[in-house]
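Engineer: for reference, the sequence and a predicted model appear below.
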Amino acid sequence: MGRLAPALLPLAMGLSALVACEFRPTGTDWLSQASPAGPCYAVNLLDGLSEESAQEVNDTYACLNREGAITPFGRVVASLETPTRSGDVAAVELARSVNALLAR
């Protein structure tokens, strides 16, 4: 019991502090103040890439490049805005290909 007593003292002090302190939130809840924004919140990859425009491909790149680690690929992503033979931009063609691969 002699070695256990010094270990119980901080525990007892911590528990008494928890019991003595009462948290009363003031003002509005932090969750109601949160307003997520940015390219990562604009992207929803659960349903595949959007085949309507290049915006989701561009937002995905912007999300992955927040720290600048893949900045050298920026010119490649920008080139996906060029029209293909079918008349769609290359990003839409890429989205169709990726979605077809994921559907298998």
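Structural biologist: In hand now; what should we look at?
Engineer: give me every residue that touches the residue nearest to the spatial centre of the chain.
Structural biologist: Nearest residue to the geometric centre of the chain (C-alpha atoms, centre = their mean): Cys40, 5.1 Å. Residues in contact with Cys40 (C-beta atoms under 8 Å, 6 or more residues apart in numbering) are Asp59, Cys63, Arg66. To be clear about C-beta, it is placed using only N, CA and C from the backbone, and glycine gets the same treatment.
Engineer: what of Ile70?
Structural biologist: Taking C-beta under 8 Å, 6+ apart as the test, what Ile70 contacts is Tyr61, Leu64.
Engineer: and Val89, its phi and psi?
Structural biologist: phi -70, psi 160 (degrees, to the nearest 10).
Engineer: what sits against it?
Structural biologist: Contacts of Val89 (C-beta under 8 Å, 6+ apart): Ser53, Ala54, Leu80, Glu81, Thr82, Pro83.
Engineer: which of those fall within strands?
Structural biologist: Among those, no member is found in strands (DSSP state E).
Engineer: buried subset of those as a PyMOL selection?
Structural biologist: Only the buried entries of those go into this PyMOL selection, using 16 or more other C-beta atoms under 10 Å:
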select buried, resi 54+80
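Engineer: what segments of the chain are strands?
Structural biologist: Under DSSP E, the chain gives no strands.
Engineer: so where's it shaky on pLDDT?
Structural biologist: Within the chain, the segments meeting pLDDT under 70 span 1-7, 15, 17-27, 30.
Engineer: the same query, at a cut-off of 90, please.
Structural biologist: 1-42, 44-45, 103-104 (pLDDT under 90).
Engineer: nearest residue to Pro39 other than its sequence neighbours?
Structural biologist: Spatial nearest neighbour of Pro39, excluding adjacent residues (C-beta to C-beta, 6 or more residues apart in numbering): Ala62 at 3.7 Å.
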